[in-house]
Each structure stands twice: as C-alpha cells, then as structure tokens.
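Participant: Build me a model from this:
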Amino acid sequence: MRCSKCLLAGVMATIFMLAAGVSACGGQEARSVDSAVFGEFVGTSPCTESIGSVLQIPVDANLHIRWNLTLNQNAKTQAPAGYLLRCEYPSTVAVTKAENGRRTVTRRGTWAVGKGTKWNPDAVVYELDGAVALYRLNHHILHVLNPDLSLMVGNGSHSYTLNRTESAEPLGTPAPPPATRPESYKILPREKGPTVFGVFAGRTPYQGIARYLKKDPTASGTKVKWHLTLFQDPTTLTPTTYRLEGTLYRRNFREGKWSVVRGTATDPNAIVYKLEPTERESELSLLKGDDNVIFFLDGNRQPFVGHAEFSYTLNRASPD
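Facilitator: Okay, here's the model as predicted:
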C-alpha cells in the first residue's frame, strides 16, 4: 500500500513538474510575442480605382472609405508585430437593414519598415503584408502608396492620408443652419497652359488652419475647401504668383508670390512650396510629397495633423 502511495505521489509530482514546465514555456512564448499598440491611424479617402483594385472594393469615386489602422509592435524589442486594417465603405448593392448600408474589408498580417518611395528614395515606408504600403511623413501622419510606390492621389473632397488618433485635431462643430451660413463663393474657371505650374484642391479640417491664419475657429463647420493655382514663368519655369480660393476666401481670393524652398522641422532637404504672406494673413507652406500631393505645414514647419474625416492634404487636379 505504501508503495502504491509512493508511486502515486511520484506520478503526481511528475505531472506537476511537466505542467509547470509547459506553463513556463507557454508564458515565456506569450511574453516573447506579446505586443503593444504602436499607433492607431484613421482617415477618409475616395473609393477610386487606385485603392479599389488593391482592397477589392467596388469602385465609385463619389463614395468614401473610412480607414482604421492599428499597428502593433513587440513589447520588448519595439519591432513590428502585426497590424489590423478595417476599411468601411458604402454598399453599392441592396443590403439588409442590419448592415446599415455599409460593408467592411478587414486585413490582418505582419508589417515591416521599408525605405523609399517613387519620389524619395530615403523616405520611410510601412509595408502591410497583404494590403498596402504607406509613406511615413512623421510620427503622426501616414499616406497610402500605389503599387509603384507613388503617393495615391485623392480628389477635391478627400485624400489618402491617415492621422494618428491620439494627436488628431478635434472634429469641430457642425456647420451653421442654412439661414445663418456664410455667403457662398465661386471658383474661377481653371487656368490652363504653360503659365500654370499646377492646380491643387482638397478639403482640410477647419480649426487648426483657422487658428494659424488668425481666423475665428468657431465661424465654420468641420472643413475648409481649398483651390490653389500655382503659376510659373512659361520660359524659365520659375515660380511667379499663386491664387488661393475656397471657404476662407468667399469675397476675394488670396493671391501673391510663391517660391520653392527647402527644409522642414525634421528634414532639411524636403521641398516646400512657400506662399508669401498678405497684409492680413501669415505665409502658408506646403510640403511636397511628390508631383501630385502636397501637405500643409504649421508654424513649426511640421505637417498639420487632421482627423478621421479630413486631412491637411491637397491633390493635383486632373486635367479637364
């Protein structure tokens, strides 16, 4: 009997030791793959052919995609440890009431830090396996890339820029009721020919740029519409003047001289389009992402951070 008890005790001890070992190994493995959130990024983009073919979303430029991207990193090494991407878009086909007329594409996988866009070989790029690559402007802002590593071009409504949630600008207040809304405005016919360097358009948040330009931050809704025309000398192709139209310029457009300079707060070689100040407003600077996409810079020469609805990005308007 005593032998039986000893045998049973030995067996139980062995089982306990094995279980403890498995538990320890499991815990060690869990810690080795334990991840922390590196950043959550949000934004709203057009549903154009550029992204539709990549994410297998029905293409409709009049519809918008809501992005929510979470990047994780290893808690110990800070190396990339996985991502979760959700892209929500309006359904173009009949859906049930429970679906609320929207569909979601989800991608999960690994991500890595790469280098080089089509325009800038030194640019930092976040590569999401099975999804897209994103150009890193800075810690707070990412921009979706085409398969050829050029920046995806949005339209006059939205861009392909994502903003870090923890540093995003507040959404702002809704637009005033129709009876109290500011007067409407008109955009002049688009300039063409060799005197035009480029026409850029887009919508940005209101509050951040309003404060920078010393506008009333409560005088509008959540967005500003922009229409920027940059002119050049047709012979030398050097910058000459600019014309800025949109929400902030309802009665008279802003105009003046512009130039190309170098340097932001983090990149001394970055190309910047500088719009000279007027009697009432400060200068405006826009960082060149590539030939087709530019980003507003604040007074510290850092890109403005947008929010889930709009980003501080302008896109080159396509020819008529």
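Participant: Where does the prediction get shaky in the stretch 1-150 of the chain?
Facilitator: Under the criterion pLDDT under 70, the flagged ranges of the stretch 1-150 of the chain are 1-33, 92-100.
Participant: cutoff 80 now
Facilitator: Applying pLDDT under 80 to the stretch 1-150 of the chain picks out residues 1-34, 61-62, 91-101.
Participant: As a check, name the ranges of all helices in it.
Facilitator: Using DSSP state H, counting those that start in this stretch, the helices of the stretch 1-150 of the chain run over 2-33, 49-55.
Participant: Give me the three-state assignment for R211.
Facilitator: The local conformation at R211, judged by DSSP: H, G, I helix; E, B strand; the rest coil, is helix.
Participant: got a pLDDT number for it?
Facilitator: With respect to pLDDT, R211 scores 90.
Participant: List the contacts of the nearest residue to R108 once chain neighbours are set aside.
Facilitator: Of all residues not flanking R108 in the chain, L84 sits nearest, at 5.5 Å (Cβ to Cβ, 6 or more residues apart in numbering). For every residue, glycine as well, the C-beta is placed using N, CA and C. By Cβ atoms under 8 Å, 6 or more residues apart in numbering, the contact set of L84 is 69-70, 72, 106-108.
Participant: Just the buried subset of the residues you listed, please.
Facilitator: Neighbour-count burial (16 or more other Cβ atoms under 10 Å) is assigned, among the contacts of L84, to 69-70, 72, 107.
Participant: Test my guess that S167 contacts H140.
Facilitator: Yes. The criterion here is Cβ atoms under 8 Å, and S167 meets it with H140 at 4.8 Å.
Participant: Looking at these two, which is more packed in?
Facilitator: H140 (20 against 13; other Cβ atoms under 10 Å).
Participant: Could you verify my assumption that that one touches T161?
Facilitator: No. Using Cβ under 8 Å, H140 makes no contact with T161, being 10.6 Å away.
Participant: now the helix or strand I294 falls within, how far from the centre of its chain.
Facilitator: Per DSSP states H and E, I294 falls inside strand 293-297. How far strand 293-297 lies from its chain's middle: 11 Å, per Cα atoms, centre = their mean, to the nearest Å.
Participant: which strands and helices sit next to the helix or strand just after it?
Facilitator: Proceeding N to C from strand 293-297, the next assigned helix or strand is strand 313-316, under DSSP H and E. Contact here means 3 or more Cβ pairs under 8 Å, 6 or more residues apart in numbering; DSSP states H and E; on that basis strand 313-316 packs against strand 196-205, strand 293-297.
Participant: could you dump these to a markdown table with distance to Y89?
Facilitator: Compiled in a markdown table, these are given as follows (distance: least, Cβ to Cβ, whole Å):
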| stretch | distance to Y89 |
| --- | --- |
| strand 196-205 | 18 |
| strand 293-297 | 21 |
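Participant: Would you point to the one among the ones you listed that's packed deepest?
Facilitator: strand 293-297 (a mean of 25; mean count of other Cβ atoms under 10 Å).
Participant: pLDDT (mean, whole number) over it?
Facilitator: Averaged across strand 293-297, pLDDT comes to 98.
Participant: Contacts for that strand, please.
Facilitator: In this structure, residues lying in contact with strand 293-297 by Cβ under 8 Å, 6+ apart are 137, 141, 143, 151-154, 159, 161, 200, 204, 209, 264, 272-273, 284-289, 303-304, 312-316.
Participant: what does stretch 35-42 give?
Facilitator: Contacts for stretch 35-42 (Cβ under 8 Å, 6+ apart): 66-75, 78, 80-82, 139, 142, 162-166, 168, 307-308.
Participant: Separate out the buried members of those residues.
Facilitator: The neighbour count (16+ other Cβ under 10 Å) marks 66-74, 80-82, 142, 162-165, 168, 307-308 as buried among the contacts of stretch 35-42.
Participant: Just the ones in strands from these, please.
Facilitator: Cross-referencing the buried ones among the contacts of stretch 35-42 against strands under DSSP state E gives 66-74, 80-82, 142, 162-164.
Participant: what's around P147, how many residues?
Facilitator: P147: 10 surrounding residues under other Cβ under 10 Å.
Participant: looking at the helices and strands packed on strand 313-316, which is closest to K223?
Facilitator: Minimum separation from K223 across these (Cβ to Cβ) falls at strand 196-205, 4.7 Å.
Participant: So what are the sheet partners of that closest one and their directions?
Facilitator: Partner strands for strand 196-205, per DSSP bridges, with pairing direction: strand 223-232 (antiparallel), strand 313-316 (antiparallel).
Participant: Let me know the average pLDDT across it.
Facilitator: On average, strand 196-205 scores 97.
Participant: Touching it from outside, list them.
Facilitator: Strand 196-205 is contacted from outside by 154-159, 169, 171-172, 190-191, 222-232, 237, 239, 291, 294, 296, 304, 306-307, 309-317, using Cβ under 8 Å, 6+ apart.
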